[in-house]
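Peer 1: how would this look folded up:
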Amino acid sequence: MNTKKKFIPLLAVVLLIIVVVLVTMAARFIERYIPSKEVQDLREYYGISSDTDMAMVLDDTLSPVLCEYKDGQVYVDYRTVHDQFNDRFYWDSEENLLFYTLPDQLITVSAGSNEYLVGKEKKAENYTIVRVDADTMYLALDFVEKYTNLTHEVLENPNRVLVTSVWGEVEGAAVKKATQLRVKGGIKSPILKELEKGESLTILERGDTWTKAATADGLIGYLKTKFVGEGQTVTRAHEFEEPVFTHNLRSDKVQMAWHQVTNQEGNAAIASVLQNTKGINVISPTWFYLNDNAGNIANLASKSYVDYCHQNDIEVWALVSNLENKEVNTTEVLKKTSNRQNLVNQLVSAAIEYNLDGINVDMEALEGGAGEGYLQFIRELSLKCANNGIVLSVDNYVPTDYTAFYNRKEQANFADYIVVMAYDEHFVGSEEGSVASIGFVSDGVTNTLKEVPAEQVIM
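Peer 2: Residues are numbered from 1 along each chain as shown. Reported below is the predicted structural model:
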């Protein structure tokens, strides 16, 4: 009897252990093999925290950038517009002005307005084009789309905008059987969407077990590969009229020389310079340079010099530099609209006054922060040069990573000629070597031609 009494508790303990083991094994089985039914909060998925937030899905990728959604319009911050959509937009944060340069017109928009100028013609939209919130400028995506090869679709609940800017072929497929699209590849990942049989997907990455795909309503996630139908090529296309740029090019090859002029008296040497310099058809005297931060220039031009050159069938492309007056902050001149446009107007007025054939821009040693203002200067100067029959040429270093911000490709859209300064391989203070070895020159020209059409390049 005592033995039986002792056995019953022992049996109970053993049974309890067995039950615990079975429950643990069952829990592990469920944890491993039973799919999660957790549904992802889409506001959290898109990073939306307020009713004015709008997520952006850019070319089937969820962007970390949040847009603003106000009065039925999508607003994207300027830096995103410039860096990812269209770098021809230029924002002056000091004077609260937005510019976009067409081949023959300058578009100007003031912050907070629905009106804008195309050249001198006033136009209007039914929305505010530029909004400024604290230190951030937001640009209406509808306005961006007018001048950029992209389309966008707005979806709500939650707010998101689907932007397509890359065109061409993608892989599409239909869902073979109803299933779930999950945040990550794995049955324990939260569900983004219940997919219906036949639903169309864009296939981003096929895997043996899980496939990454995008839905038509802007969700990017994973579904089991066995539920993905046969892939088909889908062509994305958009009718957009790209701007056409024209250039004022000579019918013959340009053979140009720079003429160093440091004072008015130096202009008297033009006769001897031409006598000792055979074969040129363009001369570029160093007549103008930045003289203050307001964009005013020093002027060493001479009408008799120009007349003499024209009598000898030589064109005069006067040079403007930023190197002479060390007190001038070139970045300040170029980024601020009133300063920059003052410089443009002074150069074009001088070209008309002295009957110049062209202007040669020689802005050197620029810091990276000056790049956007510099390109806008070239654009605006090109419009006024074209309207007055003045050739615009721009001097450039041989291409390097640290001069990429000069953006020779964009310069070549607006300027007539790009001049390669194929020298200074070695200089005072560097290691000894050639000023311009054949390899250095050849590489400089070859790399320039990757950005600039050959007919626009002067070496």
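
Peer 1: Can you identify each of the helices in the stretch 251-400 of the chain by residue range?
Peer 2: 270-275, 303-311, 330-335, 337-353, 371-387 (DSSP state H, counting those that start in this stretch).

Peer 1: From the rest of the structure, what touches stretch 44-57?
Peer 2: 43, 62-70, 74, 76, 154, 158-163, 183, 192, 214, 218-220 (Cβ atoms under 8 Å, 6 or more residues apart in numbering). Glycine gets a C-beta too; all of them are placed from N, C-alpha and C.

Peer 1: Taking the residues you listed, please make a ChimeraX selection of just the buried ones.
Peer 2: Remark: buried members of the contacts of stretch 44-57, expressed as a ChimeraX selection using 16 or more other Cβ atoms under 10 Å:
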select :62,63,66,67,68,69,70,74,76,158,159,160,161,162,163,183,192,214,218,219,220
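
Peer 1: Which ones among the contacts of stretch 44-57 lie within strands?
Peer 2: In this view, the contacts of stretch 44-57 that belong to strands under DSSP state E are 62-70, 74, 76, 154, 160-163, 192, 214, 220.

Peer 1: how about residue 428, secondary structure?
Peer 2: coil (DSSP: H, G, I helix; E, B strand; the rest coil).

Peer 1: Same check on residue 181?
Peer 2: strand.

Peer 1: Let me know whether it touches residue 218 as I believe.
Peer 2: No: with contact defined as Cβ atoms under 8 Å, residue 181 does not count as touching residue 218 (11.7 Å).

Peer 1: pLDDT weak spots in this structure?
Peer 2: 1-7, 10-12, 21-33 (pLDDT under 70).

Peer 1: quick one: contacts for residue 180?
Peer 2: Contact partners of residue 180, counting by Cβ under 8 Å, 6+ apart, are 35, 191-195, 223.

Peer 1: try it again with 6 Å
Peer 2: residue 191 (Cβ atoms under 6 Å, 6 or more residues apart in numbering).

Peer 1: Now do it against residue 53, distance only.
Peer 2: 26 Å (Cβ to Cβ, to the nearest Å).

Peer 1: Likewise for residue 333?
Peer 2: Distance from residue 333 to residue 53, by Cβ to Cβ: 38 Å.

Peer 1: And for the closest residue to residue 270 other than its chain neighbours, the neighbour number?
Peer 2: Spatially, and ignoring its direct neighbours in sequence, residue 270 is nearest to residue 305 (5.2 Å; Cβ to Cβ, 6 or more residues apart in numbering). Neighbour count for residue 305, taken as other Cβ atoms under 10 Å: 25.

Peer 1: And for residue 109?
Peer 2: Residues near residue 109, counting by other Cβ under 10 Å: 25.

Peer 1: repeat for residue 36
Peer 2: By the criterion of other Cβ under 10 Å, residue 36 has 14 neighbours.

Peer 1: residues contacting it?
Peer 2: residue 188.

Peer 1: helix, strand or coil for it?
Peer 2: Going by three-state DSSP: residue 36 is coil.

Peer 1: how close does it get to residue 190?
Peer 2: 7 Å.

Peer 1: Skip the chain neighbours and tell me the closest residue to residue 403.
Peer 2: residue 397 (4.9 Å).

Peer 1: partners of the one you found in the sheet?
Peer 2: Residue 397 has these beta-bridge partners by DSSP bridges: residue 421.
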